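K.L.:
Task: produce atomic coordinates for the following.
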Amino acid sequence: MAIELRFPQSVWFSSSRTHRVPTLACSLILSLGVMTRPSMAQSSVAGSGPLFTVAVNEVSLTFHAYDAAGQCVNNLTPSDLTIYDNLEPPRKILVLKLLRDQPVHAGILLDTSESMQGASDRSRAVATEYVERYLHLKTDRAFIDDFGYISRILQPWTGDPRALAAGVSEAVPGSANPSGGTALFETVYSACLYQFGESDRPASGNLILLFTDGEDTSSQVDLKSAVDECQRANTAVYVFRPEEQGPSTGPANLSRLTSETGGRMFYLDEGNAEVRRDLNWIDADVRDRYWLVYRPAQLTHDGSFHEIYVGTSRPDTTIDVNAGYYAPSR
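P.N.:
I've put the predicted structure just below:
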């Protein structure tokens, strides 16, 4: 029987290390956790069954599976999976549950610094299409933030697409740049900490839709801190950026930010059909996911890093694992 669980007293661990499985084409939304105290785990996902009591010291994650054409594979079973935690198979798989059409919680972050001035109209157009076309009025929520040297919430959490579109329209170049500069890492870090920090894992699909060239000149936190905070909040970062205009650290920053949070990177310069394809891909990523909970063969409370491998024996089906977790230190 498939079990759906909530861990109300869990402590969540994450890492920016990457373990990439060769030739794989799907992503893991990083929702890695370790239970460290006994608790009653209650089913909390839409359409769930009865309540269950479970043991402690369990690892929880969500992932996507795709076929060779990039289409979601939605009928995997535990026997289809190969799992290694620090090179050892788990003692027991407790949950493998396909989460279908989950509610979406989205943060729309628009870079309005000077370097993005030429892409501001395109950024607003894509962001507006996303909130108007892809968010479900009755179940989904989003907020709008623009940033440069500072960041501002232009529209707090709401499910109203008109209010969200109006918030997007306020993200004009220079509006968040009283002193110049771009605090990209700090903005992402704050969004994950303060906006997604209390999100319900894994009952909602959390994402940041980020419009930026990836340059950071003003943050008080580093890229690793931003990545770690998004992993703790189970929030994938998807980026739309302009094509490179010359030497820049931006592409490398964004590649790490997306790959280590389970997101993807796209280009603002693509045509409307390609951008809609990208938005469709994002929507499928966050709505249809597998939830996996297993008990590791060994879990010593020593703060050590555990690498995770998840693969499948299904022909032409792929899974991409982007991180592991830190064991509890006590």
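
K.L.:
quick one, what contacts the closest residue to residue 101 other than its chain neighbours?
P.N.:
When the adjacent residues along the chain are set aside, residue 101 lies closest to residue 287, with 5.2 Å between them (CB to CB, 6 or more residues apart in numbering). Using the backbone N, CA and C atoms, a C-beta is placed for each residue, glycine as well. By CB atoms under 8 Å, 6 or more residues apart in numbering, the contact list for residue 287 reads 100, 101, 102, 104, 205.

K.L.:
Give me the buried entries from these.
P.N.:
102, 104, 205 (16 or more other CB atoms under 10 Å).

K.L.:
Pretty sure the first one sits against residue 204.
P.N.:
Yes. The pair residue 102 / residue 204 is scored as a contact, 6.0 Å apart, by CB atoms under 8 Å.

K.L.:
quick one: low-confidence parts of the stretch 1-150 of the chain?
P.N.:
Within the stretch 1-150 of the chain, the segments meeting pLDDT under 70 span 1-56.

K.L.:
Between the two ends of stretch 179-196, what distance do you get?
P.N.:
The straight-line separation of the ends of stretch 179-196 (CA to CA, to the nearest Å) is 28 Å.

K.L.:
what's the spacing between stretch 96-114 and its chain's center?
P.N.:
How far stretch 96-114 lies from its chain's middle: 7 Å, per CA atoms, centre = their mean, to the nearest Å.

K.L.:
Could I get the full set of helices for this protein?
P.N.:
120-133, 161-169, 184-190, 223-232, 250-259, 272-287 (DSSP state H).

K.L.:
highest average neighbour count across those helices?
P.N.:
helix 184-190 (a mean of 25; mean count of other CB atoms under 10 Å).

K.L.:
Rounded mean pLDDT for that one, please.
P.N.:
Per-region confidence: helix 184-190 scores 98 on mean pLDDT.

K.L.:
what sits up against that helix?
P.N.:
Contacts of helix 184-190 (CB under 8 Å, 6+ apart): 109, 111, 145, 147, 151, 208, 210, 212, 214-216, 218-223, 225-226, 229-230, 237, 253, 257.

K.L.:
From those residues, list the buried ones, please.
P.N.:
The neighbour-count criterion (16+ other CB under 10 Å) marks 109, 111, 145, 147, 151, 208, 210, 212, 214-216, 218-219, 221, 223, 225-226, 229-230, 237, 253, 257 among the contacts of helix 184-190 as buried.

K.L.:
how near is the residue lying closest to residue 218 once chain neighbours are set aside to residue 148?
P.N.:
The spatially closest residue to residue 218, leaving aside those adjacent along the chain, is residue 181, at 3.6 Å (CB to CB, 6+ apart). Going from residue 181 to residue 148 by CB to CB, to the nearest Å gives 7 Å.
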